[in-house]
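Q: the following comprises the amino acid sequence and a computationally predicted model.
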Amino acid sequence: MHVRRLELTDFRSYERVELSLGPGPTALIGANGQGKTNLVEAVDYLATGESHRVSQDAPLVRAGAEQAVVRAEAVKGDRTALLELEITPGRSNRARVNRAPLPRPRELVGILRTVMFSPEDLALVKGDPSDRRRLLDALLVMRAPRLAGVRSDYDRVLRQRNTLLKSARNNRQVDLSTLEVWDDKLVQLGGELVAARLQLLADLEPFLGEAYRTVATRAAADRQDVTAAYRPSAELSGTTPTEVTDDLRAALALRARDERDRGITLVGPHRDEVQLDIGALPAKGYASHGESWSLALALRLASFELLRDDEDDPVLILDDVFAELDQGRREQLAKLAAGAEQVLVTAAVADDVPADLLGHRLVVDSGSVRDA
């Protein structure tokens, strides 16, 4: 799969820009602040419905504009799809495929598949559990787009349940008779989501170990084995959606008094953790800076290989990462990336990019893009 054409209107710093792309590597070269990351962010946003830099849509719309539009032609084999997304802060976004409107923007997710590695990915190792949960859920939706609806519905139910619990904490006279309804919805959706995460992690782990062994330096040779373990907020007796649902329901009953005292939901996939270990030690807090980078890179490369194993190559995006890596990791990443159907690379200077990934070179300067 690859993107043949990208067109942006009022997206980030671009009033309007159109790029012709192709298979193989494309390097976007430009000084910091010139807009190169905005281009690859648009591709990733079209694929995932989320930005790797911001949690709200408003920053994606150019200052002074009311709406941003992202269009791309995605090519898979002999088929081409025109994907369009209108981003309007404060209102529902609108999506189209081949000019036909989709009922919900999330139905666009997964048609184009991407894997992006960026400097922000160090948080996958050193950051909060929410960063690792977000990685799993984004990959889940790439593999099974219907789970976007499950995740969205779970978040909505969780907000409603937390609102009720908070009201009851502040006012003991609040009627909690509807809590049972929210409990049932929470455990049903949560059971499906947790079961899917468990299966995903089992599928991902072999690729993760191999990716880490490939990119880690000799200094880490004595503790190269990498594992990823799911740490749920409830004790689980099984891994099927039905079993997890039952376990979540039992855990809610055990924590009922604590939840009412604290006014917040304490059980569910929103409280779970993915523990990453290098050898016998947890990566968070023990891994060196270099090991953390290797592990973050391995997580993205493992995601790429898993998606490739499922169906076909996703678009691999390497956003300003080579400046963060030493020479050995640069070379290993270049070798792994060179076999992808399409690689989009951004860098401040061309010298940071290994020769194998320079490919088609574009210069990004003050919101304009031209061939080098």
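A: Arrived safely, thanks for sending.
Q: quick one: low-confidence parts of the stretch 201-350 of the chain?
A: For the stretch 201-350 of the chain, applying pLDDT under 70 flags the ranges 217-224.
Q: all strands for it, in order.
A: 226-231, 273-278, 281-282, 315-319, 342-347 (DSSP state E, counting those that start in this stretch).
Q: what helices or strands is the last one leaning on?
A: So the one you mean is strand 342-347. In terms of contacts (3 or more Cβ pairs under 8 Å, 6 or more residues apart in numbering; DSSP states H and E), strand 342-347 is packed against strand 24-29, helix 36-48, strand 315-319. C-betas here are computed from N, CA, C, even on glycine.
Q: so what does the top helix by length along the chain touch, helix or strand wise?
A: As assigned by DSSP state H, the longest helix anywhere in the chain is helix 179-215. Other helices and strands packing on helix 179-215, by 3+ Cβ pairs under 8 Å, 6+ apart, are helix 129-143, helix 147-170, strand 226-231, helix 241-254, helix 289-310, helix 327-337.
Q: out of these, nearest to M116?
A: Nearest of these to M116, taken as Cβ to Cβ: helix 289-310 at 7.4 Å.
Q: of all the helices and strands packed on strand 342-347, which lies closest to D155?
A: Among the helices and strands packed on strand 342-347, the nearest to D155 by Cβ to Cβ is helix 36-48 (15.8 Å).
Q: report the buried residues of the closest one.
A: 36-48 (16 or more other Cβ atoms under 10 Å).
Q: and if you look at stretch 25-37?
A: In stretch 25-37, counting by 16+ other Cβ under 10 Å, buried: P25, T26, A27, L28, I29, G30, Q34, G35, K36, T37.
Q: who's the fourth one bridged to?
A: Taking DSSP bridges as the rule, L28 bridges to T346, L362.
Q: distance check, it against E84.
A: Distance, L28 to E84, using Cβ to Cβ, to the nearest Å: 22 Å.
Q: OK, contacts around E341?
A: Residues near E341 by Cβ atoms under 8 Å, 6 or more residues apart in numbering: M1, H2, P23, G24, D312, D313, V315.
Q: got the confidence number for the residue nearest to the first one when sequence neighbours are not counted?
A: With Cβ to Cβ, 6 or more residues apart in numbering as the criterion, M1 has its nearest non-adjacent residue at 4.7 Å, and that residue is K76. The confidence metric pLDDT takes the value 91 at K76.
Q: counting neighbours, what do you get for K76?
A: 16 (other Cβ atoms under 10 Å).
Q: return the set of buried residues in the longest helix of the chain.
A: So, applying 16+ other Cβ under 10 Å, buried residues of helix 179-215: 179, 182-183, 185-198, 200-201, 204-205, 207-209, 211-212, 214-215.
Q: ok, now stretch 357-371?
A: Within stretch 357-371, the residues that qualify as buried are L357, L358, G359, L362, V363, V364, V369, counting by 16+ other Cβ under 10 Å.
Q: about what we covered before: and the buried residues of helix 36-48, which two are the farthest apart?
A: Largest separation among those by Cβ to Cβ: K36 and T48, giving 19.0 Å.
Q: looking at the contacts of E341, which is nearest L325?
A: L325 has its nearest neighbour among the contacts of E341 in V315, at 20.4 Å by Cβ to Cβ.
Q: isn't the closest one right up against A47?
A: Yes. Taking Cβ atoms under 8 Å as the definition, V315 is a contact partner of A47 at 7.4 Å.
Q: mutual contacts of the two, please.
A: Joint contacts of V315 and A47 (Cβ under 8 Å, 6+ apart) are L112, R113, T114.
Q: can you name the residues that contact the last one?
A: For T114, the contacting residues are V43, D44, A47, T48, P314, V315, L316, I317, by Cβ under 8 Å, 6+ apart.
Q: now do the first one
A: With Cβ under 8 Å, 6+ apart as the criterion, the residues that contact L112 are M1, V3, V43, L46, A47, A72, A74, A81, L83, V315.
Q: related to what we said a few turns ago, and the helices and strands packed on strand 342-347: which comes nearest L248?
A: Among the helices and strands packed on strand 342-347, helix 36-48 sits nearest to L248 (Cβ to Cβ), with 26.7 Å.
Q: tell me the mean pLDDT for that closest one?
A: Rounded mean pLDDT across helix 36-48 is 95.
Q: just the angle for it relative to strand 24-29, thanks.
A: Angle between the axes of helix 36-48 and strand 24-29 is 140 degrees (criterion: axes from the mean of the first three to the mean of the last three Cα atoms, to 10 degrees).
Q: following element in sequence after helix 36-48, please.
A: Later in the chain than helix 36-48, the nearest helix or strand by DSSP states H and E is strand 68-76.
Q: ok, and what's touching that following strand?
A: By Cβ under 8 Å, 6+ apart, the surrounding residues in contact with strand 68-76 are 1-12, 42-43, 45-46, 60-62, 80-87, 111-112, 312.
Q: and with 7 Å instead?
A: 1-11, 42-43, 45-46, 60-62, 80-87, 111-112, 312 (Cβ atoms under 7 Å, 6 or more residues apart in numbering).
Q: ok, stretch 359-372 next?
A: The contact list for stretch 359-372 (Cβ under 7 Å, 6+ apart) reads 13-14, 17, 19, 22, 24-30, 34-36, 350.
Q: equivalent analysis for stretch 141-152, please.
A: With contacts defined as Cβ under 7 Å, 6+ apart, stretch 141-152 is touched by R106, V109, G110, R113, D137, L140, L189, E192, L193, A196, L307, D310.
Q: if I look at the closest residue in space to A340 that isn't next to it in sequence, how far off is L236?
A: Nearest residue to A340, sequence neighbours excluded (Cβ to Cβ, 6+ apart): L316, at 4.4 Å. According to Cβ to Cβ, L316 and L236 sit 34 Å apart.
Q: more neighbours: which of those two?
A: Counted by other Cβ under 10 Å, L316 and L236 do not tie: L316 has more neighbours, with 26 against 18.
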